[in-house]
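Engineer: here are the coordinates; sequence isn't available:
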């Protein structure tokens, strides 16, 4: 039995309607505010830039194709999104240590400092938004949101199924 059958068997369309509506509201509000943090840093870095810098920070220097693959987007999108980050000095292009012809993207010291500034501001925003939650509620929300994002990611990476 697949997941959709399980959901239908639950029979709680009201809960599923509420869930899809709340996810839609969250997506709209997150995009409107860009969940950019607080203070002067608020809305100072767009989502694409934040995600690219964050990936380079977590995974280290890499080529455009590797970065695109790890983010689940195409190389031309990464090239377009990384250009202003290079222009502003947040990312630097260097030669691959083993193949001088290949270009590697790397977070610059300025990019590292800027990323930490944005992260700190966003952490403060998350603290403010959940200030009346207890630790268990924050942990549960984080765990479930991570699981939800994982399910969305998995769904996006597999071809659409057709049930017969």
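Structural biologist: Here it is on my side, so go on. None of the values given here were measured: they were computed from a predicted structure. Residues are numbered from 1 along each chain as shown.

Engineer: which non-adjacent residue is nearest the most centrally placed residue in the chain?
Structural biologist: In the chain, the residue lying closest to the centroid (CA atoms, centre = their mean) is residue 51, at 5.3 Å. Nearest residue to residue 51 in three dimensions, chain neighbours excluded: residue 71, at 6.7 Å (CB to CB, 6 or more residues apart in numbering). In this view, the C-beta of every residue, glycine as well, is placed from N, C-alpha and C.

Engineer: that older thread, surely the residue nearest to the centre of the chain is in contact with residue 73?
Structural biologist: No: applying CB atoms under 8 Å, one finds residue 51 not in contact with residue 73, separated by 9.4 Å.

Engineer: what is the helix ranked longest in the chain packed up against?
Structural biologist: With secondary structure taken from DSSP state H, the chain has its longest helix at helix 135-157. Applying 3 or more CB pairs under 8 Å, 6 or more residues apart in numbering; DSSP states H and E, we find helix 135-157 packed against no helix or strand.

Engineer: what about stretch 102-115, distance to the chain center?
Structural biologist: How far stretch 102-115 lies from its chain's middle: 18 Å, per CA atoms, centre = their mean, to the nearest Å.

Engineer: tell me which residues in stretch 151-159 are buried?
Structural biologist: By neighbour count on 16 or more other CB atoms under 10 Å, the buried set for stretch 151-159 is empty.
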